[in-house]
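> Sharing a sequence plus its predicted fold:
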Amino acid sequence: MFPELQTNNYWLKEIQRADQPFVYEGLSHPEVIRYYGVWYETLEATAGQMDFYERVWKEQTGCFWKIVSKEKDEVMGVCGMNGYLPQHERAELGYWLLPAYWGKGVMREVLPVVIAHLFAHWKLHRLEAVVEEGNIASSRLAEKLGFVFEGVLRDAEIKKGMRVSLRMYSLLKV
């Protein structure tokens, strides 16, 4: 059964097929995808992301939640983990938020709950946050959450024909 979580102000719920328009809104928005590694040009193409969310949960290689405001019942973003390697007790944290909700402390409130759940319910010792160079807000967020900066993976990916470097952060279970 998919775990639903909550904070004082937000519900963290399972992403459903009916959420595809919302996922498309986020993963086609130029400001959201500026530093995010996944984007879609059409609503139909976003079905691939919906398949991803279902697959990682079914295969137990990840878990993603939609973030829903308790006050207005608005879906605001997505957070969770993927790339879970049980033999190494490691996974990667991922998240995105619609720009209307940036700078309001949403991720600062929800990610500690998500992280606590992941460390408590998955065989996990190391959680990684891989942040594209230039994404100052995500770097600051990782540091505020207690992640340790480990270094830069230079020219680690190609995005829209350009090489991008990635900042590696980690949080270890204590």
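That came through fine. Residues are numbered from 1 along each chain as shown.

> Correct me if wrong: Pro99 contacts His29.
Yes: counting by Cβ atoms under 8 Å, Pro99 touches His29, with 6.8 Å between them. All C-beta spots, glycine's among them, are computed from the backbone N, C-alpha and C.

> So for those two, which residue has more residues nearby?
Neighbour comparison, Pro99 and His29: the larger count goes to His29, with 15 against 11 (by other Cβ atoms under 10 Å).

> List the contacts of that one.
Leu98, Pro99 (Cβ atoms under 8 Å, 6 or more residues apart in numbering).

> separation between it and Lys104?
Per Cβ to Cβ, to the nearest Å, His29 is found 17 Å from Lys104.

> which residues are contacting the helix or strand in which Ser138 is found?
Under the criterion of DSSP states H and E, Ser138 resides in helix 136-144. Helix 136-144 is contacted from outside by Tyr35, Trp102, Met107, Arg108, Leu111, Ala129, Val131, Glu132, Phe149, Arg167, Tyr169, using Cβ under 8 Å, 6+ apart.

> Identify the residues contacting the following helix or strand past that helix?
Once the chain leaves helix 136-144, the next helix or strand it forms, by DSSP H and E, is strand 148-159. For strand 148-159, contacts defined as Cβ under 8 Å, 6+ apart pick out 37, 130, 132-133, 139, 142-143, 163-171.

> how does it look with 10 Å?
Strand 148-159 is contacted from outside by 33-37, 39, 128-133, 139, 142-143, 162-172, using Cβ atoms under 10 Å, 6 or more residues apart in numbering.

> where's it relative to the chain centroid, distance-wise?
Offset of strand 148-159 from its chain centre (Cα atoms, centre = their mean, to the nearest Å): 17 Å.

> Could you tell me which of the contacts of strand 148-159 belong to strands?
Counted as lying in strands by DSSP state E, out of those, are 128-132, 162-172.

> buried ones in stretch 23-39?
Under the neighbour-count criterion of 16 or more other Cβ atoms under 10 Å, stretch 23-39 has Val23, Tyr24, Gly26, Leu27, Ser28, Val32, Ile33, Tyr35, Tyr36, Trp39 buried.

> got it, and stretch 167-174?
Arg167, Met168, Tyr169, Ser170, Leu171.

> Dump those to TSV, plus pLDDT and distance to Tyr95.
Output for those, formatted as TSV (pLDDT from 0 to 100; distance: Cβ to Cβ, whole Å):
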residue	pLDDT	distance to Tyr95
Arg167	98	15
Met168	98	16
Tyr169	98	13
Ser170	98	16
Leu171	98	14
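
> Which of the residues you listed lies at the shortest distance from Lys70?
Nearest to Lys70 among the buried residues of stretch 167-174, counting by Cβ to Cβ, is Leu171 at 26.3 Å.
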